[in-house]
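Trainee: Quick one, fold the following:
(2 chains, ligands or ions: 2)
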Amino acid sequence: MTGAPMLEVDGIDVFYGDVQVLYGLSLEVREGEIVTLLGSNGAGKTTTLRAISGLRPPRKGEIRFRGRSLASLPAARRAELGIALVPEGRELWPQLTVRENLDLGAYHPRVRANAARNLETVLAMFPRLRERSSQVAGSLSGGEQQMCAIARALMSEPTFLMLDEPSLGLAPVLVEQVMRTVAELHASGITVLLVEQNLRKALEVAQRGTVIETGRVRLEGTSAELSRNPEIRAAYLGI
Amino acid sequence: MDRFVDLAVSAVLLAGLYATMAYGLGLIYGVLRVVNLAHGGVIMAGAYLGWILHGWAGLDPYLSIPLVVGATFLLGMAMYRVLVRHLPRGPAGGPASLLLLFGVWLVLRNVAYLLFTGNDQVIRTSYSTHALPLLGSFVSVNRLAVLAIAVVTPALLHLVLRRTYLGRAIRAVAQNADSCTLVGIDVERIYTLTFGIGTALAGLAGLLSATIFSFNPGFGSGELLKSFVVVVLGGLGSVFGTGVAALILAIVEVFAILVMPSYLTAAVGFVMLVLVLVLRPGGLFGQRVLG
Ligand SMILES: Nc1ncnc2c1ncn2[C@@H]1O[C@H](COP(=O)(O)OP(=O)(O)OP(=O)(O)O)[C@@H](O)[C@H]1O
Ligand SMILES: [Mg+2]
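Mentor: Ligands and ions are numbered 1, 2, ... in the order given. Have a look, this model is predicted:
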């Protein structure tokens, strides 16, 4: 089921100005996997995803996608490779309609011709968005905004999808729904890197996990291994 | 009655020019968070470009629209690529870009003094004095043409912003630039184009004004301030808000002539600006950006 390395993060240092946030961080996601990136508040999970998507490039180390270094590839060209991020806090365009948000998801040249078809696909997946399609995104509920953010990312036909705390601030029913969606996307062939605070849920859907602490890898292992780890059970699962 | 019609026509005409200028200023601020103080200088440059093309090459000012718009579009893109791009933006970066763009304006103005002296000029064509009867009064054909262009231009831009991928990308960049990068929009390219478009609107407004009003190298400062008033009143990047605000300003200015000495009418806009900032700091139409 899993194959060659798809994403390799190799010893990256990332800074905000003079403040270092990631210290030689390494991470690997193989083709077809679903991997979760875990860690407490401020550990550097969002920063890691921003580095991969090119919004905050590393000062040291390398990120490779399907064996190719991303160092010289501007962030705006990465969607074309099949890399997509559902950012923390949704980050929709609040005064554009849902439809406009989705259309822009298919902006890059490789997929623009498929925009209409992709729109049908994501609206079939999230019927709620069809009802809301002419409303501005800022007027949606939290759960609907999350669906819209996921749908926008899917419009670009990603092969590698990163999700940053997609269940944040959602009611339990919606958390279930989002997690089911993530599992379905993975089953449909998309490789997934999932950042979650909800460790229990994350380990349920993921095959492997990496735990980071103040910008460094602390633990790695399969979901089963991590769920059994006494440190994790004490620190995150409250057992 | 004649006088009323005259004043009403003047007000609508002025409103069209104000809307065109202000829309350019508001677009640049809405997308880049930069107050383009060079806007007045470009308005002046547009006037002189039209005047040169007319006086030296015999080109009708309406035929020179594509040239003036193209030249000021390129000028705006160059200003962004060479200067503005390297400056900090937003509230903290305000002073740097304000000073720099003010400097650009001074340079443009002084170049104009050197080339053209400080004498007043106007673009006078064979049809400058033609007039059509309208509502019992006579209205100059030139003024009607200027009005038509000044109304059609922002409306066209509005359509571009609404209906095209590029236009949606411009509005999206104004609202959340990082999300644009994530879907593959080259944000720097959008900034460059937006600065070009906003600047070209100033150039167009300058050219159109030059067919009606006399100008010299100092031309553009009053226009810049009026653009501010309209942007503050009408909000950022809303064609409707900009149009209504421009009309309000123009009506107040024009009809102020009836009740106060003319040297005071120029101050009317600023009184309005202060009133709006005090009473409705978000503008009459709220805070939406290119919504
Ligand atoms: N724009 C920024 N400027 C300066 N420091 C930042 C910035 N963004 C994040 N940081 C710092 O970097 C560190 C890592 O932040 P990051 O957002 O990557 O953590 P996180 O693991 O995603 O946390 P959370 O679970 O709260 O989302 C934190 O100490 C944070 O304060
Ligand atoms: Mg985070």
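
Trainee: ok, for the residue in chain A that chain B sits nearest to, nearest residue in space, not its chain neighbours?
Mentor: Residue nearest to chain B within chain A (CB to the nearest CB): residue A:108, separated by 3.1 Å. No exception for glycine: its C-beta is placed from N, CA and C like everyone else's. Nearest residue to residue A:108, sequence neighbours excluded (CB to CB, 6 or more residues apart in numbering or on different chains): residue B:184, at 3.1 Å.

Trainee: list the contacts for the one you found?
Mentor: A:76-80, A:107-109, A:156 (CB atoms under 8 Å, 6 or more residues apart in numbering or on different chains).

Trainee: sorry, back to before: the residue of chain A closest to chain B contacts residue B:182, correct?
Mentor: No - between residue A:108 and residue B:182 there is no contact under CB atoms under 8 Å: 10.2 Å.

Trainee: any idea which of the contacts of residue B:184 is closest to ligand 2?
Mentor: When the contacts of residue B:184 are compared for distance to ligand 2 (CB to the ion), residue A:78 wins out at 19.3 Å.

Trainee: ok, is the host helix or strand of that closest one in contact with chain B or not?
Mentor: Using DSSP states H and E, residue A:78 falls within helix A:78-81. Yes - using CB under 8 Å from any CB of the partner chain, helix A:78-81 reaches chain B at A:78-80.

Trainee: Narrow those to just the buried residues.
Mentor: A:78-79 (16 or more other CB atoms under 10 Å in any protein chain shown).

Trainee: if we can go back for a sec, the residue nearest to residue A:108 belongs to a helix?
Mentor: No - per DSSP: H, G, I helix; E, B strand; the rest coil, residue B:184 lies outside any helix segment and is coil.

Trainee: And the contacts of the helix holding residue A:78?
Mentor: With contacts defined as CB under 8 Å, 6+ apart, helix A:78-81 is touched by A:53-54, A:65-66, A:70, A:73, A:107-110, A:156, A:158, B:182-184.

Trainee: circling back to that earlier point, would TSV of the contacts of residue B:184 with pLDDT and distance to residue B:211 be doable?
Mentor: Below are the contacts of residue B:184 laid out as TSV (pLDDT from 0 to 100; distance: CB to CB, whole Å):
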residue	pLDDT	distance to residue B:211
A:76	96	42
A:77	96	46
A:78	97	49
A:79	96	47
A:80	95	47
A:107	95	40
A:108	93	44
A:109	91	42
A:156	97	48
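
Trainee: tell me which of these is nearest to residue B:87?
Mentor: Ranked by distance to residue B:87 (CB to CB), the contacts of residue B:184 are led by residue A:76 at 21.2 Å.

Trainee: I'd guessed that closest one sits against residue B:179; true?
Mentor: No - Residue A:76 sits out of contact with residue B:179 when judged by CB under 8 Å, with a separation of 11.4 Å.

Trainee: between those two, who's got more neighbours?
Mentor: Between residue A:76 and residue B:179, counted using other CB atoms under 10 Å in any protein chain shown, residue B:179 has the larger neighbour count: 24 against 21.

Trainee: Now that one: which helix or strand?
Mentor: helix B:177-182.

Trainee: packing partners for that helix?
Mentor: helix B:165-175, helix B:187-210 (3 or more CB pairs under 8 Å, 6 or more residues apart in numbering or on different chains; DSSP states H and E).

Trainee: who touches that helix?
Mentor: A:53-55, A:75-76, A:79, A:84-85, A:87, A:91-93, A:104, A:153, B:169, B:172-173, B:187, B:190.

Trainee: who's in contact with the longest helix seen in chain A?
Mentor: Determined from DSSP state H, the single longest helix within chain A is helix A:172-187. The contact list for helix A:172-187, computed with CB under 8 Å, 6+ apart, reads A:34, A:125, A:142-143, A:146-147, A:150, A:154, A:161, A:163, A:166-167, A:170, A:192, A:194, A:198, A:201, A:204-205.

Trainee: Can you turn the buried part of the residues you listed into a ChimeraX selection?
Mentor: Entered in ChimeraX, the line below selects the buried ones among the contacts of helix A:172-187, by 16+ other CB under 10 Å:
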select /A:34,125,143,146,147,150,154,161,163,166,167,170,192,194,198,201,205
